[in-house]
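Undergrad: Can you look at this prediction? I've put the sequence above it.
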Amino acid sequence: MSYRCNARTKTCTCGHRYTKEEYELWKCPECGKDRHCRQLVSREGERCRFHGGKSLKGIASPRYKHGRYTSLPPELAERYQESLSDEDLLALRDEIALVDARLHDLLSALGIGTTSELWKNLQDAYKNMRIALTQRDPDKANAALQTLGQAVENGVTQTSAWAEVYDVLDSRRRLVESERKRLVQMHQFITAEQAMALLARVQQSILENVKDKHALAAIATDLAELVSERTR
C-alpha cells in the first residue's frame, strides 16, 4: 500500500502562493487544484522530505523542551485539551436523569386506572353485552361492544406501559451500577494528564541519558507510532 504526504503546499503549480489568510484552504483559489502534497512516503501520517519528513522530531529535535505534546499528533493534542476541560467526561448522571424523565412519563400514562378497575370494567361490559344479545337490542349491544373494546384497549395499553417501565428500570439499574463503578475506579486509574506527564518524564530521562542522535530519532519515531496506534 502506498501513502502520500498530504501536507499543505505553500505554492500551487499554477504559480499562486498561499497567504497566511489562505492557510485553511485545501484548493487553489485561482485554478482549483488540490493543495495536498502528493509525494510518496513509507508510512501513513509521515511527511515527505519537503515538509519536514527528514527533520529530527520529538526528543531527538534540538528544539525539544519538555516533550509534553511533542509526540502527540495535532488531532490528539486537541482532543487531549478538550478532555482535560471536561471534569465529567465519563459520568453517566445525565443519562440517568434522561432515563428518570422517561420513567416519569411512563408512570403518568398509567393513570388510566388500576388493573382491578380495568378487569371490573371489562366484566361489566361483558355482562351488558350478554344482556343486550338476550334482549336482542342492537343499540344496547353496540354500546356494550364499544365499552368492551375500550376496556380491552386500556388493558393492552397498561400492559405495554408496564413492560416498558420494567425495561427502563433495568436500564437505569445498569447505568447506576456503571456510574458507581466509575466513581470507585476513579481512584484506581491515572488521568490523561497524569499519563502525559509520565510520558514527558520518560522522554526527558531518555534525552538526558541517550546522546546518540540516531538512537534518539528511532526512539522518537517509536513513541510517536505508539501514541498514534492508541488513538485509532
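TA: Alright, I've got the coordinates.

Undergrad: Quick check: the residue of the chain positioned farthest from its centre vs residue 141, distance?
TA: Distance from the C-alpha centroid of the chain, by CA atoms, centre = their mean, peaks at residue 135 (66.5 Å). Per CB to CB, to the nearest Å, residue 135 is found 9 Å from residue 141. For the C-beta atoms, the positions are set from N, CA and C on the backbone; glycine is no exception.

Undergrad: go on, residue 12?
TA: Residue 12 is 86 Å from residue 141, by CB to CB.

Undergrad: One more: residue 18?
TA: Using CB to CB, residue 18 is found at 85 Å from residue 141.

Undergrad: And residue 213, by the same measure?
TA: 99 Å.

Undergrad: Neighbour count: the two, which is higher?
TA: Taking other CB atoms under 10 Å, residue 213 and residue 141 do not tie; residue 141 has more neighbours (17 against 12).

Undergrad: any idea how far residue 149 is from that one?
TA: According to CB to CB, residue 141 and residue 149 sit 12 Å apart.

Undergrad: try residue 4
TA: Distance, residue 4 to residue 149, by CB to CB: 69 Å.

Undergrad: Looking at these two now, which is surrounded by more residues?
TA: Set residue 4 next to residue 149 and count neighbours by other CB under 10 Å: residue 4 wins out with 14 against 11.

Undergrad: mind listing what the more buried one touches?
TA: Shown in contact with residue 4 (CB atoms under 8 Å, 6 or more residues apart in numbering): 36, 37, 38, 39, 40, 41.

Undergrad: Helices of this structure, residue ranges please.
TA: Remark: helices assigned in the chain by DSSP state H are 74-85, 93-109, 115-135, 138-185, 192-209, 213-230.

Undergrad: Taking helix 93-109 as reference, get the angle to the fourth one.
TA: Put plainly, it is helix 138-185. If you take axes from the mean of the first three to the mean of the last three CA atoms, to 10 degrees, helix 138-185 sits at 160 degrees to helix 93-109.

Undergrad: Show me what helix 138-185 is packed up against.
TA: Secondary-structure packing of helix 138-185 (3 or more CB pairs under 8 Å, 6 or more residues apart in numbering; DSSP states H and E): helix 93-109, helix 115-135.

Undergrad: For burial, what's the neighbour tally of residue 155?
TA: 17.

Undergrad: Chain neighbours aside, what residue packs nearest to it?
TA: The spatial neighbour of residue 155 that comes closest, neighbours along the chain excluded (CB to CB, 6 or more residues apart in numbering), is residue 118 at 5.0 Å.

Undergrad: That neighbour - how many residues pack around it?
TA: Residue 118 is flanked by 19 other residues according to other CB under 10 Å.

Undergrad: Does it touch residue 158 like I think?
TA: Yes - in terms of CB atoms under 8 Å, residue 118 counts as a neighbour of residue 158; the distance is 6.6 Å.

Undergrad: So for residue 73, what pLDDT did the model give?
TA: On the pLDDT scale, residue 73 is placed at 58.

Undergrad: ok, now how distant is residue 217 from residue 210?
TA: Distance, residue 217 to residue 210, by CB to CB: 10 Å.

Undergrad: Got the confidence number for residue 116?
TA: The score at residue 116 is 70. That number is its pLDDT.

Undergrad: quick revisit: turn the helices of the chain into a markdown table, including distance to residue 22.
TA: Output for these, formatted as a markdown table (distance: least, CB to CB, whole Å):
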| stretch | distance to residue 22 |
| --- | --- |
| helix 74-85 | 19 |
| helix 93-109 | 41 |
| helix 115-135 | 71 |
| helix 138-185 | 45 |
| helix 192-209 | 33 |
| helix 213-230 | 28 |
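
Undergrad: Good, we can wrap up now.
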